[in-house]
Each structure stands twice: as structure tokens, then as C-alpha cells.
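Asks: Any chance you could fold what I've pasted below:
(chains A and B)
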Amino acid sequence: MTRRSRGHLAELENEAIWIIREVGAWFERPVILFSGGKDSIVLTWLARKAFHPAPIPFSLLHIDTGHNFPETIEFRDRFVRDLGLDLMVRFVQTSIDEGRVREEEGTNGSRNALQTVTLLDGLEELNADAALGGARRDEEKARAKERVFSHRNRFGQWDPRNQRPELWMLFNGRRQPGEHFRVFPLSNWTELDIWQYIQHQEIPVPALYLAHDREVVRRGGTLLARTEATGPWRPDDDVSVRRVRFRTVGDATCTGAFESDADTIEAIIRETGTARVTERGGRTDDRRSEAAMEDRKRAGYF
Amino acid sequence: MTTPLAPASEDTGPVPTSQVELLRFTTAGSVDDGKSTLIGRLLHDTRSIFEDQLEQVEGVSRRRGTGELDLALLTDGLRDEREQRITIDVAYRYFATPKRRFIIADTPGHLQYTRNMVTGASTAQLAVILIDASRGILTQSRRHAFISTLLGISHLVVAVNKMDLVGYRREVFHSIQAEFRNFAQGLEGVRTLSFVPISALKGDHVVERSRRMDWHEGPTLLELLEIAEAGTRRDRGAFRFPVQSVIRPNANFRGYAGTVVSGSIAAGDQIVVLPSGETTAIHSIETADGPLESAEAGLAVVLTTHHELDISRGDLISHAQDPPPVGSRLAGDLCWMDREPLEPGRTYLLLHATRQIQVRVDRIVHRVEIDSLGHEEADTLGLNEIGRVELSTAAPFAFDLYRTNPATGSFVLVDLRTNQTAGAGMIRRRLDTVRRVSPGAVWQEAAVPQAARESRNGHLAAVLWLTGISGAGKSSIARDLERLLFRRGIQTALLDGDRLRHGLSGDLGFSDSDRAENLRRSGEVARILFDHGAIVLAAFISPRRADRERVRGLIPPERFFEVHVHAPLEVARARDPKGLYRREREGAVGSLPGSRGLWEPPTAPELLIDTTRATPAEAARSIVVRLEEAGILPPDSAQHPRREPS
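Replies: Residues are numbered from 1 along each chain as shown, chains lettered A, B, ... in the order given. Modelled structure (predicted):
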């Protein structure tokens, strides 16, 4: 048994549960896109609440770039096991091996954009008609305009100029064969809400979010952690051990660490309340151009 | 940058707290009124913008050579918008102050995107109407105010922007304020109307007080947002629970998942399931956080019942004693959102709460001519047009009127060929319904329809509900008014609180519940007389707002006139026509409304009459004039009504 929320967190929780239950009613084979990051953790937590005492009637899908922090994967597997859920993992490496995508080259090469192909292949393989994601509208300008029930055509693409109006709490999930929906129950949450909710509900999160000492390298204005994916340090690398934490725990090649002493959830909330950099600001893939996110979303990204 | 980074509170920025209320508001204005700049300003000055976002905007502003920091770039999210420098889709923005959390629905101003305005307004509790001080009130400003009130937003904040372009002159602000106030009198359901002069570009009176407009003593825009009444829309009213799904993990548990959209429910309460009409009682209220004794509006729960009934998604659960009407014909206001125009007679899919049902538009009563807000005849509704329509559904379903319950009074229409969301509607009246149904009762359509009676009478039917404290002058006005109407050959009926208590309600006292029951009966009687084509004059103290709202819900909005007959308590006490105040002092009767008892004055009556300024005869004449203006009565000289009954 968990604790009951109050105030605006309760309102956000109730809204998300309504949306998740609507997904259960509108679609036959929904999946939750689960990365082991805090947003997908909260989303899964809410899905459990939405259908209690029945189990979550959705499966979980993780698109694995192969560039993970081992801590995230370890946490992911434990979380899923503890909640008794089914997790499917599809690998970007498979798409590369099958020649479906080509790896980006160069030292700033990232697999982030490649995920799109693996994701769409995975959804097709599972015959999924809805994919629930933990994305929030406060993350990025293009996301601020996306619907809660976001229609995708046969090619998995988003058409921002032809979105269905969404009014009151009425969602239109009607679709033609081959089309699917992305659904974002956390649309109206902010990063601060997520942390306050995690604290209030005592939801476990990967330790990477908390401040710890780590060997990092400064590349292009971003602090990167040393993992298998980032490869060995280069001779000219500016390497040092710093007290850092991560605001997102995705692809290790493009997820920046930043210096922080926040080693409890409470400290994170204090820090988030006064944060001066957006959480995606640590991600080099979003900064390539002003419209980087919109382009990836049109193509079928998360 | 034109102003320094200005913290909303102290240097540490907004204090994180989970106890803040949430206010959802919409911003509307014409093209170039500076909406995006205003929102950018709110985010910027409340320190809701992060350094990297700001750097990005600064970089782009520099490259464009606009000289100033272009705050609109913070919110214009899609590439097309950045290129055209306009907002083309509704965007949601988030910021917080130590007092409150805010969600802004930023909606575009140009004509072809009215549908986004309607979308943004559907979930908002307050609307900020932006007016360019250098251009004054435009058609679009009026349209936005109209759409906001159409969608049931009762709090309007008018922000007169670009004051820097008019030299911060107070006369400009005051003249716009006066003009808008005048216009707003024609809008329905406005509960608060506030004005603030601002410059979003320069930051005056948005978050920070401005020395350049020290003549304005009222709150800044942010202060208005922080103090606005919020979150009360759905707490009121009867219990409604649309069933989302059946939860059945094993043979021993069967529950119904959904959200309490209004009112509250407790274990043991008697409920009715609609449209089937089967009744049972609530056994338990389950949540993942443990069972509850009761659940109020907003809570997502799972209900279990004493008896296993055939309940499924799309059913609506209510208290057995307060069910919504069930019907298959209704009239509503419809905003058309699809490029393909509305085709009357064609089958669409209606989404209502959790129900899907096939529906047909039988006729378009009128289209709203949106510039003048007048009505015109129409055969169809095109993209971004709004009109009153009559609908028939394939099967009866349970619904409320939008003004009493937006969650169960709203619907969307889906085009079955394209699956597009084609229209959004608000239910204004039912056309064929039965309300509380006695077991076994069958509804009989009237042998002579109301419209036929109206046509013969030469005037429309209406209900005038006179409310006010004892001694305010309700009965005197009603009697004078009836004599006046009778002389003109008008079909009238007079319902008087005291007279009803000598018969129909002779078994009732003056407790809250007895007063409520008395008014329920009176309202039903008024409805029957109304259906028979009469102009019903009802004079009841009716101290409780909720009771009056319930009566209002029985009558189509354009036919119901709440008349607040007002006299100060000391005047009413001095008049004391029935000696009630004297008896209250002597303890011979209980507390009188407005004296020692509860009195909730109307917040937005159709008419307000101050009986210290007008005699009953003068008041009666002013009511007649109002009825003529509303088209209920023909002009004094004419013999026939000006328009067809709708």
C-alpha cells in the first residue's frame, strides 16, 4: 500500500490514471515504452494504480541502444521483477546488424536517432496499436504542442499540422489498420512534479540520479561518464573525478552529467526548484539545431 | 534584453511545494497582440526559463538582428511557426510561483484556428483576453471573449497590452476598459471581469509593478492569476461517475473503474446505473492506496456494488435520488473543427464521457454570426463556425446540461470515414427526456407541442424566477407584472412560495432539505406550465444557489430569467409585510434567509431590480421591456413574435 497524494500532485495523478484507463479501453495491444528512467518509472507506477487490483494489462518495451549505463539496466530489471511485469527488449544493434540503419560516425556519434527505426520495427512486431510514453510537455517546445493521444500514420509519423483537437477529457483513439497512437499521460507534469511524486510515493529510482563521485570527461561543453559505450579516453581528453549526478539516464554517449551535491530526493527537489538548465539541456542530440526534436518526432521518435 | 532578470520571489526562485493549487488558464488575442511575448514574459519573469533555453533564444534573436530579446521564441514551438512568426497550434506551458502552479493553454488568434481556441478553453478555469492598446478592441477580441464564455469560463482577465506604444496613458486604458465592460454585459455567465494595463515587451505590470504606470493601483497580471478563484467547477453538483472499464482480476472481485467527475460518493449510497435504470448500493470504494469511505470530485477510484449488475464502459452511475436525464434528442452549441463541413442527416460518432454512440444532426437552428454575435439561418457549419444544432442519437443515454456539468454536458463528434475529431459540442437542452423516472413510468410526448402553443399564443414560453429575501418585493412585482401581461393577452401563470405551501408543499417545513424539496416541486410545476406555452412568474425566496441552479437546469437557457429582487436587509425589515422579521426577533419562527439564516445572492442574474429605486409597477414594466428585447414577447404594437420558436 502506498500513500495517497494531495494538492496538485493528486490532480496530476488522477488525470494520468484517467488517461491510462482510456488507453486500456480504446486499444487492444498497448505497450509502455520503458527505459528505466524516472518518467517511465512514474508512468508504470501510475499504470499499476490505474488497474489495481488487476495487473497492468500492457506489456513493457525497452528500446536498448546498447549505450546504457549498467546501473540503469540493473535497476530496470529489478523494478520490472519486483512489480511482476513483462518486459521486452529490442536492440538498436539488431537494426544495425540487419542493415536497417547505419551507425553515425565520428566522436560525437550517437545512437539516439537510430532508435526510431528499432522502435517502429518493435511496435510492428508486437502489433501494438498504442505506445505509452513518459514524455512531458515542459521538456521541449515541440512537445508542448503534442496531443495526449497523438496519432501516428502507417509509417509511424507525426503530422503536427494535422493533429486532432483534444477537448475536455475526451480522447479520440479511432484509427485505421496499421496506424497507431503515442499516448503521453504525463503531458501536464513538470520535472519538479515528477520528483515530488517520487518522493511522496517513495518510488525507487536508479542511483545515477543521485550525486556520486565519478570519473568524467569534458566533451563539447558536456560532462560524459566513462562507460563501455563512450570508449576509452583519448589522449587530449580533459579527465577528472567529480561529484556528479544525471538528470536523464538514457544513452550514455549523449547524456551529460553535471556537478551536484544532491544525494537525496529531497536535495534533488531543492535543486530542481532552482535549476537554471533544462533537463534535456545535457543532451547533445537536442542541440544540433533549433528544430532537432521536432524533426525526430515527425519521423516517429518517442 | 530590455529588463534585467527579475526574480518572482526571493533569490532562490520558486519554492517547491506540493500543496499549491493548480490553475489552468487560456490566453487569447488577435494576431500580433503579443500573446507569445506575454507568455514568454510570464515564464521569464517568474524564472521558469532555463539558461540554455534563454541562450538559444538570445542566439536566434541576435542572428535575426531584432535587437531585443524575442520572448515569443520561447513558446513558438514548431518550425513553421518560427518561420512565419505566428502561433499555429495550441501549446501548453507550465510555471509556478510560491502561491500556485499554472498551466497555460496558449491558443492562436487568427480566424482559421478558432478550433484551437475552443480546445484550449475547454479545460481552462480562466481566460486572459489580450487587447492591443494601440489598436483597441477588435472583432477578434470580442470573439475570444464570446468563445470563452460559451465554453463556460466565468473568470475573464482583460490585459491591455502594448501600453508602451501609447505612452502608458491612463485614458487609453480607461476607454478600452469602459468599452469592453459595455460589450461584456451581453456575455452569459461572466462571474469576474478584471482589467490590467501591461507591456509584455517591457515587462510592465506583468509580474513586476511598473513605475511607468503608477496610476494603476490594481493587481499586476500575475497577482490576478494568483488570487483568481480556481478549481471549483466540478466540486459542485450531483454525483456523476462515467464507467471507464470493468476491473475483474479474478472471480471474487468485480469493480468499475472511473473518475468521480462531480459531486461525491460514499460506501452504502444508493445508486442508479444509466441508461438501464437499474439500482443497487455501493459496497466499497477501492484504490491502489487502500479503500476509502467516500470519494469526492476528481478522484480516480474503483467502485464495487452490492448486487452484480450488468455494468460496462459507457454507463453513467449517479445517486439514485439525483439522476441525470436520459434521452436521445438534444440541442447543443456545436463548434465545427473539420475542413469537411457538417452534413446534417449524416451519421457521426458521438463521444460523451466514456460512451460512444451514433448520432445524426437533425437540423441547424442557427449559426452564430461571430462578428456581431447575431444569429443567422444556415444549412451547414463550416470549419471554425459555431451554431445551435439539434441531434438524435441511435439510443438513449444519460447526460447533463453543460452549464450544470461540463464533464457530462460536453461531447465531440467524430467523422466515421476519416476518424477526425470533427466537432465539439455543449449540451444546452434536452428535447425529449424524462427526468427522475418513477418505476414503471413511461414518458408520453405532449399531444400538442410547445411550439404549436407558442405559435397560437403569439409569444414564446419563458420562466421568470424572482428570488430575494422576504420583504424585498418579489410578490408585489410578480402580481403587477401578471396584470400587465394579462392585459396584453399573454398566457401567464403565477407561482408564489406562500401559496404553494398551502397545498402542493403543505407537508414541508423550512429546513434546508424541505426548502430544497419545495423548490424542486415548484421547478417541476414551472416546467410543466412552461411546456404548455406559458410565461411563468415564480416568486420564491429560494435562498440557496444550488436549488436555483437546479431549476435553471430544467429550462432552456435563453428562456430562463433569474430576477434578483433586491432590497437591503434593514429596508426589508422595516417593510416586514408578513411580520416575519418581528416573529424571528421574538423567536416564533426560525432564522430567515439574509437575516440570521443563509442567503446566497445570485452571482449572475439575468435581471437585477433594486426596489429602493423602483416601484413594483416600474419594475414590472422594465421586465416587460427585457422580455421584448429577448424576443420572448412581440413588440407592444405587433401581433406576432419576431422569430420562430426554437
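
Asks: Are we agreed that A:Ala267 is in a helix?
Replies: Yes. Read with DSSP: H, G, I helix; E, B strand; the rest coil, A:Ala267 is one of the residues of a helix.

Asks: Burial check on the closest residue to B:Thr192 other than its chain neighbours, number of neighbours?
Replies: Excluding its sequence neighbours, the residue lying closest to B:Thr192 (C-beta to C-beta, 6 or more residues apart in numbering or on different chains) is B:His155, at 4.8 Å. For glycine as for every other residue, the C-beta is placed from the backbone atoms N, C-alpha and C. Look at B:His155: counted by other C-beta atoms under 10 Å in any protein chain shown, it has 22 neighbours.

Asks: Thought B:Leu225 was touching B:His155, still the case?
Replies: No. If you go by C-beta atoms under 8 Å, B:His155 and B:Leu225 don't touch, sitting 10.0 Å apart.

Asks: Between the two, which contacts overlap?
Replies: Taking C-beta atoms under 8 Å, 6 or more residues apart in numbering or on different chains as the criterion, B:His155 and B:Leu225 both touch B:Leu126.

Asks: Where do the helices of the stretch 101-250 of chain A begin and end?
Replies: For the stretch 101-250 of chain A, the helices defined by DSSP state H, counting those that start in this stretch occupy A:115-125, A:191-201.

Asks: and the first one, how far from the chain's centre?
Replies: Which is helix A:115-125. Helix A:115-125 sits 15 Å away from the centroid of its parent chain (C-alpha atoms, centre = their mean, to the nearest Å).

Asks: so when I look at B:His375, I'm seeing a strand, right?
Replies: Yes. Under three-state DSSP, B:His375 sits within a strand.

Asks: Now that it has come up, it's in contact with B:Ile386, right?
Replies: No. The pair B:His375 / B:Ile386 is not scored as a contact, 10.7 Å apart, by C-beta under 8 Å.

Asks: more crowded one of the two?
Replies: Taking neighbours as other C-beta under 10 Å, B:His375 and B:Ile386 compare with B:Ile386 leading, 22 against 15.

Asks: thinking again about what came up before, shared neighbours of B:His375 and B:Ile386, which are they?
Replies: With C-beta under 8 Å, 6+ apart as the test, B:His375 and B:Ile386 both reach B:367-368.

Asks: Tell me which residues touch the residue in the stretch 501-646 of chain B positioned nearest to chain A, please.
Replies: Closest contact between the stretch 501-646 of chain B and chain A, by C-beta to the nearest C-beta, is at B:Gly553 (18.8 Å). Neighbour list for B:Gly553: B:400-401, B:403-404 [criterion: C-beta under 8 Å, 6+ apart].

Asks: what does B:Leu633 give?
Replies: Contacts of B:Leu633 (C-beta under 8 Å, 6+ apart): B:459-460, B:488, B:490, B:535, B:624, B:627, B:641.

Asks: Out of the residues you listed, which sit inside strands?
Replies: B:Ile535 (DSSP state E).

Asks: and the contacts of B:Leu633, which two are the farthest apart?
Replies: B:Val624 and B:Pro641 (14.7 Å; C-beta to C-beta).

Asks: in stretch B:385-393, what counts as buried?
Replies: B:385-391, B:393 (16 or more other C-beta atoms under 10 Å in any protein chain shown).

Asks: If you could redo that for stretch B:364-375, that was the one I meant.
Replies: B:364-368, B:370.

Asks: how about the strands of chain A, start to end?
Replies: A:30-33, A:59-64, A:87-91, A:130-132, A:149-152, A:180-183, A:212-219, A:222-225, A:238-246, A:257-259.

Asks: Can you tell me the centre-most residue of chain B?
Replies: Against the mean C-alpha coordinate of chain B, by C-alpha atoms, centre = their mean, the closest residue is B:Gly152 at 2.7 Å.

Asks: Where is the longest helix in chain B?
Replies: helix B:512-531 (DSSP state H).

Asks: circling back: gap between the residue nearest to B:Thr192 and B:Leu193?
Replies: 8 Å (C-beta to C-beta, to the nearest Å).

Asks: what residues are up against the closest residue to A:Trp195 other than its chain neighbours?
Replies: In space, and not counting its chain neighbours, A:Trp195 is closest to A:Ile269: 4.9 Å by C-beta to C-beta, 6+ apart. Counting by C-beta under 8 Å, 6+ apart, A:Ile269 touches A:192, A:195-196, A:199, B:16.
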